[in-house]
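**Student:** Make a model of this:
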Amino acid sequence: MLLTGNNEETADYLRAFDLKIVQPKTGYRFSLDPLLLCDFAPATTGSILDLGTGCGIIPLVMARRSPAAAIAAVELQPRLVEIAARNIADNGLTGRVTLLAADILELADHYPANSFDLVMGNPPYRQAGTGKTSPRSGRDLARHESSATLADFLLVAKKMVKSSGSICYIYHPERLAELLSRALELRLSPARLQMVHGNASLPARMFLIELFKGRRVSLEVLPPLLVQDSMYGAHQHAGTKKAP
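**Tutor:** Predicted coordinates for the structure are as follows:
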């Protein structure tokens, strides 16, 4: 890791995507999860919305994977908004990625319904008041539901995605049944499901899911994804190196 000039940030280089990513040195930092989500999501030439972008990792990677796509990203925390804006500009993607500083519950004030071909996100997976809290500023907002719950993330995504569009999330297995139940209540059709394991001997640590709006399909359960065998290998930020 390379500390930036203000001594409160680090910068990494994602070689696979030719991206330099600045992050807070402490607090919320992206993990392997958004990278796995970007691999799982379909490439598109249309429009993409990222709900809760953090430092901007998902729109930056998707801009490389889908060079013709127009991408919007939403983030609530002011410090992360400022960092994401710099990451977008520093990687030459200002014309491709639009950043909105807002709560996802306010999106209807900024975008009309049915605006996006693909909605993505890595929603907070701990319910309020559960699990351990973190002394690092910003991490609890990213991990614990605050103003927006899982139900909110699904409802907002349904409103924002076009008919026949898709929603892709990465989430914690403890809440798989809840997600599927709420998705069906909203008439979102589960299309693909993939469990994510550290290796074949370990229980699933996350799952990837694609939901369709306006299309009824049979659920395809993909072979489990073993992180040690993925393109990222065993290293949590595999494919990174110190930024120049």
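
**Student:** Need phi/psi at Leu93.
**Tutor:** As for Leu93, its main-chain torsions (degrees, to the nearest 10) stand at phi -120, psi 20.

**Student:** isn't it right up against Ser66?
**Tutor:** No: look at Leu93 against Ser66 with C-beta atoms under 8 Å: they stay out of range, at 11.9 Å. For glycine as for every other residue, the C-beta is placed from the backbone atoms N, C-alpha and C.

**Student:** In terms of packing, which of the two has more residues around it?
**Tutor:** Ser66 (22 against 17; other C-beta atoms under 10 Å).

**Student:** what about the nearest residue to the more buried one once chain neighbours are set aside, helix or strand, and which?
**Tutor:** The shortest distance from Ser66 to any residue other than its chain neighbours is 4.7 Å, reached at Ala43 (C-beta to C-beta, 6 or more residues apart in numbering). Ala43 is part of no helix or strand when elements are defined by DSSP states H and E.

**Student:** Use 2 as the first number from now on
**Tutor:** Yep, numbering from 2; the last one is Ala44 now.

**Student:** Assign a three-state SS to the spatially closest residue to Thr95 that is not a sequence neighbour, would you?
**Tutor:** Nearest in space to Thr95, with sequence neighbours left out and distances taken as C-beta to C-beta, 6+ apart, is Ile89 at 5.8 Å. Three-state assignment for Ile89 (DSSP: H, G, I helix; E, B strand; the rest coil): helix.

**Student:** quick one: Ile89 from Asn123, how far?
**Tutor:** Taken as C-beta to C-beta, to the nearest Å, the spacing of Ile89 relative to Asn123 amounts to 18 Å.

**Student:** so where's this protein uncertain?
**Tutor:** Under the criterion of pLDDT under 70, the regions of the chain flagged as low confidence span 2-7, 128-148, 231-245.
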